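Prediction below, plus the sequence it came from.
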Amino acid sequence: MMLTGPQSPAGLLRDAHTSRWQLTSEAFEALLSRLRVNGGPAAAGYEHLRWRLVAFFEKRGCLDATAHADETLDRVARRLQQGKAVDNVVRFAYGVARRVVLESLRARGRAQAALAQPPVAPVTDRVTDDPRLNLLQRQLEQMAPEVRGLLVEYYGNDWPSPRTNRRRLAERLGITYGALKARIHRARTQLETRLLRSC
């Protein structure tokens, strides 16, 4: 979580209880003060909890574990700012994290439904003599179906234009174009890592 002024765009949240909220420096400082451990620096307590939350989301198969951890901490900061009485901030953060997991699973279900019938032929149907393309195809086949489908649809349909189709894909998934590009970046990073390991 990076603050660049009194308010951070990264703190912009949407959930079932509020339509829009911005993380303020005051709310962030309030959260930090509650995470001070044994008189140590509050930032250390914050980073420790953040990485524990990242691990929590990774174990549950969340594709955006870091983003989910940041959103969880933002929600905790919001609730503290709203005056919620919290005895144990860490335990409360895990309760919020469980809710974020459920929201993520629902969003993943919507994404899988949206990608269930991509308008392009699956990569596995393409036959080539190029060993590099065959390697790419094998690595794609081993990725999670929703990640593979996202990459295939993002890069595989150029008509009437790539940008138009990508914006339509973002609309179908119910996310912004920027969020779609961030997902594609993470998916490409996964694929590139697999390709490097196989060489």
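Thanks, I have it.

CA only for contacts and neighbour counts going forward, please
Will do.

roughly how far apart are the residue nearest the centre of the chain and Asn157?
Centroid check for the chain by C-alpha atoms, centre = their mean gives Asp64 as the closest residue, at 2.7 Å. According to C-alpha to C-alpha, to the nearest Å, Asp64 and Asn157 sit 25 Å apart.

Quick check: end-to-end length of stretch 152-171?
17 Å.

How far off centre is it?
Computed by C-alpha atoms, centre = their mean, to the nearest Å, the chain-centroid distance of stretch 152-171 equals 20 Å.

Mind jotting down where the helices sit in this structure?
With helices called from DSSP state H, the chain shows them at 25-34, 42-59, 65-81, 89-114, 131-141, 145-156, 162-173, 177-198.

What average pLDDT does the fourth one get?
When the per-residue pLDDT values of helix 89-114 are averaged, the result is 81.

Check the shortest one too.
Regarding helix 25-34, the rounded mean pLDDT is 83.

now the angle from it to helix 89-114?
Relative orientation of helix 25-34 and helix 89-114, computed by axes from the mean of the first three to the mean of the last three C-alpha atoms, to 10 degrees: 120 degrees.

Go through helix 25-34 and flag the buried ones.
Neighbour-count burial for helix 25-34 flags Ala27, Phe28, Leu31, Leu32, Arg34 (criterion: 16 or more other C-alpha atoms under 10 Å).

Which strands or helices does it pack on?
helix 42-59, helix 65-81 (3 or more C-alpha pairs under 8 Å, 6 or more residues apart in numbering; DSSP states H and E).

make it 10 Å
Judged by 3 or more C-alpha pairs under 10 Å, 6 or more residues apart in numbering; DSSP states H and E, the packing partners of helix 25-34 are strand 7-13, helix 42-59, helix 65-81, helix 89-114.

Tell me which of the ones you listed sits most buried.
Across the helices and strands packed on helix 25-34, averaging neighbours per residue (mean count of other C-alpha atoms under 10 Å) puts helix 65-81 on top, at a mean of 21.
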